[in-house]
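A.B. asks: My questions are about this predicted structure, shown below with the sequence.
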Amino acid sequence: MSMMGILIGFNACVYTAAFILINRNSALLSLLVYIIATAVIDHFTDRFEAIKQVTIITKNPDKIVTWIRKDMKKTCTVMDSSGAVSGDNKTIICYVTYFELQKFREYIKDLGDNTFVTVTTIDEIMLSH
């Protein structure tokens, strides 16, 4: 059983007991506050804990890959790609935390060339050994 299931079960018992034994209005108001607080906390903690996938499409990947490896201390995947308009490119994929993303933004902004970047939130990364 997951921790979320245990918490929901425990809270259901507490709010049911408060509803029956203490005061219905107070119990319902407490339940409403609990639901709103949980939603707000989940929204903000998920944002900061999520892993971001940065996909960079560029014609000149060497400078970017070197920066990722040396300054960011990360690894990345480089693949050949082809655009309908831009022709042959390289696609770089790297995974960063929410807090490292700002450093990526500043670096890409300072590049000044025709680099296309997307950022995606990743729910889970699985490794096989």
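C.D. replies: Sure, I can see it. Numbers count the residues shown, from 1 in each chain.
A.B. asks: Just give me the residue closest to the centre of this structure.
C.D. replies: A50 (2.8 Å; CA atoms, centre = their mean).
A.B. asks: Look at G87 and say how many residues are nearby.
C.D. replies: 9 (other CB atoms under 10 Å). Quick note: C-beta positions are derived from backbone N, CA and C, even for glycine.
A.B. asks: now swap in the one 5 residues further on and tell me
C.D. replies: Using other CB under 10 Å as the criterion, I92 is surrounded by 21 other residues.
A.B. asks: what pairs with it across the strands?
C.D. replies: Assessed by DSSP bridges, I92 has beta-bridge partners I56, V78.
A.B. asks: thinking the residue nearest to the centre of the chain is in contact with T120, fair?
C.D. replies: No - applying CB atoms under 8 Å as the test, A50 and T120 come out as separate, 9.9 Å apart.
A.B. asks: Now the residue sitting furthest away from the middle of the chain. Its backbone dihedrals?
C.D. replies: Distance from the centre of the chain peaks at L21, with 42.4 Å (CA atoms, centre = their mean). Backbone geometry at L21, expressed as degrees, to the nearest 10, gives phi -90, psi -30.
A.B. asks: what's the spacing between it and V33?
C.D. replies: According to CB to CB, to the nearest Å, L21 and V33 sit 19 Å apart.
A.B. asks: coming back round to it: host element of the spatially closest residue to the residue nearest to the centre of the chain that is not a sequence neighbour?
C.D. replies: Once flanking residues are discounted, A50 sits nearest to T121: 4.8 Å by CB to CB, 6 or more residues apart in numbering. If you go by DSSP states H and E, T121 is part of strand 116-122.
A.B. asks: What strands line up against that strand, and which way round?
C.D. replies: strand 51-58 (antiparallel).
A.B. asks: No further queries at this time; thank you.
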